[in-house]
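Undergrad: the following comprises the amino acid sequence and a computationally predicted model.
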Amino acid sequence: MKTLIKDTMAVLPDGSVKEVSIAVDGQRIAAVGDVPENFSADTVIDGKNHLAIPGLVNAHTHASMTLLRSYADDMNLMDWLQNKIWPIEAKMRKDDIYWGAMLAAVEMVRTGTTTFADMYGDMEKVAEMTIESGLRGVLARGIIGVAPNGEQAFEENKTLFKDFHGAADGRITVMFGPHAPYTCPPDFLRRVAEAAKERKAEVHIHLAETKGEVENCLKEHGKTPFGLMEETGILDCGVLSAHSVWLNDDDIALMKKYHVRAAHNPGSNMKLASGIAPVPKLLKAGVCTALGTDGTSSNNNLDMLEEVRLAALLHKVDALDPLAVPAGEALKMGTEYGAEAVGVKDAGKLEKGALADIVLYNMHGPEWTPKFDLVSLLVYSAPSHSVDTVMVDGKLLMEKGELKTLDEEKILFEAEKCAKRITQ
Ligand SMILES: N[C@@H](CCSC[C@H]1O[C@@H](n2cnc3c(=O)[nH]cnc32)[C@H](O)[C@@H]1O)C(=O)O
Ligand SMILES: [Zn+2]
């Protein structure tokens, strides 16, 4: 299958924007500009008045939590988790996980996300969504490492790895998902680290999200969450660290030493009042820092362009420095650094040989006018629904606003039904 995206403006890996044609052959980009004359495309997409970027990467989410969107807002993290979210999650059946994930898929495709890193229960249903939707998924079974379900969840993570790691032509990868240091005791984390190492799997975990978490961790274990992760062997596995808000210089040095990748969630951190991650410091230290939405119960959407914008804005006001995270750097956090963070090789860049995960924005409309600087327009002004074409792995998931793999009306209907049932 060969596709030619003809005469589109495109954000290139060096941050420049140029008019090019992009040739896609199978899963990969065959050319950006300089398309060979004999390239015979099966499908030609008119790129005039469009902006192409590498697909957005949601480096931390809980897709099926879409069913709990706006169910419990304006609470602090522990109260929210323990008294609202966990009791309802306990009622979720496989069907709920599936339709919640499908609802997330519709939203992700429509807002230009091509890869998502997910942590939840019943992840084989999220794998099903990944296979059907055509998205790229980095899946981890979220494990609360204590009774009554800790051991079962751990086993399910192993089964998920066996059944789905590398599945769907490599569109699915599987990580281990110990939920957090406050839900998984050190000995349990040691066993997870062993299991991950045996399989050369990586680990997706919530770390240093709130000040209270770090204080408790110091009190109970005499170490910060990152120090504890080093001691338990988790850092040896390759870690995708959700949040990473409350960090001291030693934590940042550990992140650098072990190539920990941070998934910064500005929307969730602001909404739950968790704090402001030291993103400029992380970037300066050379820590790969990506962006995520977290679940839609703490965001409340999966719109990655919004996270790119929030990252660009939040760190400016925090540092009282309008140069803190420039638009181009924020966009890289949402694309190139995202792909690196979740471990998808050769993606996140519009260049020859990269995986063909491409998003096209239709630049017709007031928010895109006038056109001085297209990266600035995208990051500071554009509505996410100007995404009109989405390609993952060389296949079109949406073309000119029309979803190709998902039945949106049915999904909205079923998701609504599931959400009602679990909250009744
Ligand atoms: N309860 C599940 C496993 C947990 S998966 C991941 C968990 O992370 C929770 N979660 C979502 N956002 C956050 C956050 O920001 N911090 C900590 N936990 C979160 C989410 O509600 C979910 O319970 C089971 O055993 O079936
Ligand atoms: Zn989370």
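TA: Great, that's in hand. Ligands and ions are numbered 1, 2, ... in the order given.

Undergrad: please count neighbours and contacts with C-alpha atoms only from this point.
TA: Noted.

Undergrad: show residues contacting the lowest-mean-pLDDT helix or strand in the chain.
TA: Using mean pLDDT, DSSP states H and E, helix 77-79 stands out as the lowest-scoring helix or strand of the chain, at a mean of 91. Applying CA atoms under 8 Å, 6 or more residues apart in numbering, the contact partners of helix 77-79 are 272, 274.

Undergrad: that one vs ligand 1: in contact?
TA: No. Shown here: helix 77-79 not in contact with ligand 1 (CA under 6 Å from any ligand atom), separated by at least 6.8 Å.

Undergrad: any buried residues in that helix, and which?
TA: residue 77 (16 or more other CA atoms under 10 Å).

Undergrad: what parts of the stretch 251-400 of the chain come near ligand 1?
TA: Counting by CA under 6 Å from any ligand atom, the stretch 251-400 of the chain sits next to ligand 1 at 294-295.

Undergrad: could you pull out the strands for the stretch 251-400 of the chain?
TA: Using DSSP state E, counting those that start in this stretch, the strands of the stretch 251-400 of the chain run over 261-264, 289-291, 358-362, 387-392, 395-399.

Undergrad: got CSV for these, with distance to residue 31, mean neighbour count and mean pLDDT too?
TA: As requested, the strands of the stretch 251-400 of the chain are exported to CSV (distance: least, CA to CA, whole Å; neighbours: other CA atoms under 10 Å; pLDDT from 0 to 100):
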stretch, distance to residue 31, mean neighbour count, mean pLDDT
strand 261-264, 29, 31, 98
strand 289-291, 26, 31, 99
strand 358-362, 13, 26, 98
strand 387-392, 15, 26, 98
strand 395-399, 16, 20, 98
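
Undergrad: beta partners for residue 141?
TA: Taking DSSP bridges, one obtains residue 120, residue 176 as the residues bridged to residue 141.

Undergrad: count the neighbours of it for me.
TA: Residue 141 has 28 neighbouring residues, counting by other CA atoms under 10 Å.

Undergrad: check contacts around it.
TA: Listed by CA under 8 Å, 6+ apart, the contact partners of residue 141 are 119-123, 153-154, 156-157, 160, 175-178.

Undergrad: which of those are buried?
TA: Using 16+ other CA under 10 Å as the burial test, the contacts of residue 141 include 119-123, 153-154, 156-157, 160, 175-178 as buried.

Undergrad: now pLDDT too, for those residues, in JSON lines please.
TA: Converted to JSON lines, the buried ones among the contacts of residue 141 look like this (pLDDT from 0 to 100):
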{"residue": "119", "pLDDT": "98"}
{"residue": "120", "pLDDT": "98"}
{"residue": "121", "pLDDT": "98"}
{"residue": "122", "pLDDT": "98"}
{"residue": "123", "pLDDT": "98"}
{"residue": "153", "pLDDT": "98"}
{"residue": "154", "pLDDT": "98"}
{"residue": "156", "pLDDT": "98"}
{"residue": "157", "pLDDT": "98"}
{"residue": "160", "pLDDT": "98"}
{"residue": "175", "pLDDT": "99"}
{"residue": "176", "pLDDT": "99"}
{"residue": "177", "pLDDT": "98"}
{"residue": "178", "pLDDT": "98"}
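
Undergrad: same for ligand 1: which of those are within range?
TA: With CA under 6 Å from any ligand atom as the criterion, these include 119-121 near ligand 1.

Undergrad: one step back: out of the buried ones among the contacts of residue 141, who's nearest residue 350?
TA: Distance to residue 350, by CA to CA, is smallest for residue 175 among the buried ones among the contacts of residue 141, at 26.2 Å.

Undergrad: roughly how far does that closest one sit from residue 237?
TA: When distance is defined by CA to CA, to the nearest Å, residue 175 is 10 Å away from residue 237.

Undergrad: can you check residue 124 too?
TA: 23 Å.

Undergrad: of those two, which one has the most company?
TA: residue 237 (25 against 22).

Undergrad: now do the phi/psi pair for the more buried one.
TA: Dihedral angles of residue 237 (phi, psi; degrees, to the nearest 10) stand at phi -90, psi -20.

Undergrad: enumerate every residue touching the nearest residue to it once chain neighbours are set aside.
TA: Nearest non-adjacent residue to residue 237, counting by CA to CA, 6 or more residues apart in numbering: residue 202, 5.2 Å away. If a contact means CA under 8 Å, 6+ apart, then residue 202 has 174-176, 196, 237-240 as its contacts.

Undergrad: of these, closest to residue 187?
TA: Closest to residue 187, out of all of those and judged by CA to CA, is residue 196, at 14.3 Å.

Undergrad: pLDDT at that closest one, what is it?
TA: pLDDT for residue 196: 98.

Undergrad: next, count neighbours for it.
TA: Neighbour count of residue 196, defined by other CA under 10 Å: 23.

Undergrad: got a list of contacts for the helix or strand it falls within?
TA: Element membership for residue 196 (DSSP states H and E) is helix 186-199. By CA under 8 Å, 6+ apart, the list of residues contacting helix 186-199 from outside reads 145, 154, 158, 175-176, 178, 202-203, 228, 232-234, 236-237.
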